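**Q** Return atomic coordinates for the entry below.
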Amino acid sequence: MRIGFDGKRAVRNMTGLGNYSRLVVESLAKRFPESEFDVFTPDMRENPRLETLLQLPNVKMRLPDTKGLFGKGALWRTFGISSQIRKEGIDLFHGLSNELPLNIKAAGIPSVVTIHDVIYRRLPDCYSLPDRIIYNFKYGISCRIADRIIAVSQRTKDDITEIYGIDPEKIDVVYQGCAEIFKHTATRNALAEARRKYRLPERYIVQVGTIERRKNLELTVRALSALPADVHLVAIGRDRGYLARVMDIARRNGTAQRIHVLDSVSFAELPAICQQAAAAAYPSFYEGFGIPVIEALESGIPAVAAKGSCLEEAGGEAAFYVDPHSPRQMAEALKAAIADGPATVSRIALGKRHASRFNNSDIPARLAEVYSRTIEGFRRQRPEP
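**A** Model prediction:
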């Protein structure tokens, strides 16, 4: 069998959709060495995360082979790729990052699309008007023309059903776990090097995620003033114009000197930083899924997350949950999370057990089931002559 993938994010993105795309292709290629996996990408770029993928003998990177208007870039991904898929003899195409070629039906094969979230509909103020229009158009059409949809959480499945009117029977939930490096205790040298390199405070809460309004870093900052003075906040992520507001709040609350922003931490260094934290905060207003919550639980630290989206799925009974608009609730939850004692030890153990439900080793089998169901349904609709 030959499976084709939209590989733009796998090639270009270092985190998020890139991690998911690489995880899917790598895990399938290793689990099913007799199958072929073609990754269609508009270009190739230097990306250290691609190293494993490029070494797999049954994975082929496919660049545009067409010319003219639809021969490159976004237009190729949207329209030109379908003719190339057909010529290559692909059996099924999987759009890994919310979209399919709009003329995928012209390829004459079944298709699957993974939808990660519809935050642009739930929190429209966090997106520009052009982005909202484009996402809603492309992702909505992709949901309708796909033969099956993969949702990364039950929350996302419910959102797709409600917002786009998709039959829930057409949607499969396939959870993603966190990277294996979070499941192993960092070496003593790695822990010490992280503390030295990033000048980590003795006692801190960690919050991982892009520094933008949706991630709600300001809630943690507002709560920090109610915590013991020796507790600091380490925020890891790239600023998208929101940090100035956060630091203004911190200065007014007298906690600016207790906030440490790290914007160039490598993925390999994250476990060593997380494992030395007293707790993790992830009060995002809305998410399709909450990988940082699972990373915290696997790191053996308590997690505090926001109510109202998928984060309760990610954290289960192991995490603390707060109203994303309530600094008081956040402060109380963080105090409970960083407290020493048997209750914290029990919650950490519960977190480890809960996080084990999200096992990346299960993904190839679950995807193979979805692919098989998709192909069978496609054949029933278009019986062979």
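**Q** longest single helix anywhere in the protein?
**A** When the chain is parsed with DSSP state H, its longest helix is helix 363-381.
**Q** elements contacting it?
**A** helix 17-31, strand 92-95, strand 111-115, strand 148-151, strand 171-173 (3 or more Cβ pairs under 8 Å, 6 or more residues apart in numbering; DSSP states H and E). Backbone N, C-alpha and C define where each C-beta goes, glycine included.
**Q** can you pull out the helices in the stretch 201-350 of the chain?
**A** For the stretch 201-350 of the chain, applying DSSP state H, counting those that start in this stretch gives helices covering 217-224, 243-253, 270-274, 291-298, 311-315, 327-338, 342-355.
**Q** Of those helices, which is nearest Phe79?
**A** helix 291-298 (32.1 Å; Cβ to Cβ).
**Q** Give the buried residues for the host helix or strand of Asn136.
**A** Under the criterion of DSSP states H and E, Asn136 resides in helix 129-145. By neighbour count on 16 or more other Cβ atoms under 10 Å, the buried set for helix 129-145 is 135-136, 139-140, 142-143.
**Q** Check stretch 169-188 too.
**A** In stretch 169-188, counting by 16+ other Cβ under 10 Å, buried: 170-179, 181-183, 186.
**Q** Over it, what's the mean pLDDT, rounded is fine.
**A** In this model, stretch 169-188 has a mean pLDDT of 93.
**Q** who touches Gly73 in this structure?
**A** Gly73 makes contact with Pro42, according to Cβ atoms under 8 Å, 6 or more residues apart in numbering.
**Q** ok, now how distant is it from Ala235?
**A** 34 Å (Cβ to Cβ, to the nearest Å).
**Q** for Pro64, same thing?
**A** Applying Cβ to Cβ, the value for Pro64 to Ala235 is 40 Å.
**Q** Same drill for the two, tell me which one is more crowded.
**A** Ala235 (23 against 19; other Cβ atoms under 10 Å).
**Q** Rebuild the buried residues of stretch 169-188 as CSV, extending it with distance to Arg214.
**A** Putting the buried residues of stretch 169-188 into CSV (distance: Cβ to Cβ, whole Å) gives the following:
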residue, distance to Arg214
Lys170, 28
Ile171, 24
Asp172, 26
Val173, 23
Val174, 24
Tyr175, 22
Gln176, 20
Gly177, 23
Cys178, 20
Ala179, 23
Ile181, 26
Phe182, 23
Lys183, 28
Ala186, 29
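**Q** Report the backbone C-alpha coordinates of stretch 60-80 in CSV.
**A** Output in CSV follows, covering the C-alpha atoms of stretch 60-80 (Å, rounded to 0.1, in the frame of the first residue of the first chain):
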residue,chain,number,x,y,z
LYS,A,60,10.0,9.3,-0.1
MET,A,61,9.9,13.1,-0.2
ARG,A,62,7.9,14.3,-3.2
LEU,A,63,8.5,17.8,-4.6
PRO,A,64,6.2,19.4,-7.3
ASP,A,65,6.7,17.8,-10.7
THR,A,66,4.3,20.2,-12.5
LYS,A,67,4.7,23.6,-14.1
GLY,A,68,2.6,26.6,-14.7
LEU,A,69,0.2,28.3,-12.3
PHE,A,70,-0.3,25.2,-10.0
GLY,A,71,3.3,24.1,-10.1
LYS,A,72,4.6,25.5,-6.8
GLY,A,73,3.8,26.8,-3.4
ALA,A,74,0.3,27.2,-1.9
LEU,A,75,-1.4,26.8,-5.3
TRP,A,76,0.3,23.4,-5.8
ARG,A,77,-0.8,22.3,-2.3
THR,A,78,-4.3,23.4,-3.0
PHE,A,79,-4.8,22.3,-6.6
GLY,A,80,-1.7,21.0,-8.4
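**Q** Could you number the chain from 13 rather than 1 from now on?
**A** Will do, 13 is the new start, and the previous item becomes stretch 72-92.
**Q** ok, back up a step: most tightly surrounded among the helices of the stretch 213-362 of the chain?
**A** Of all the helices of the stretch 213-362 of the chain, helix 303-310 carries the top mean neighbour count, a mean of 28, counting by mean count of other Cβ atoms under 10 Å.
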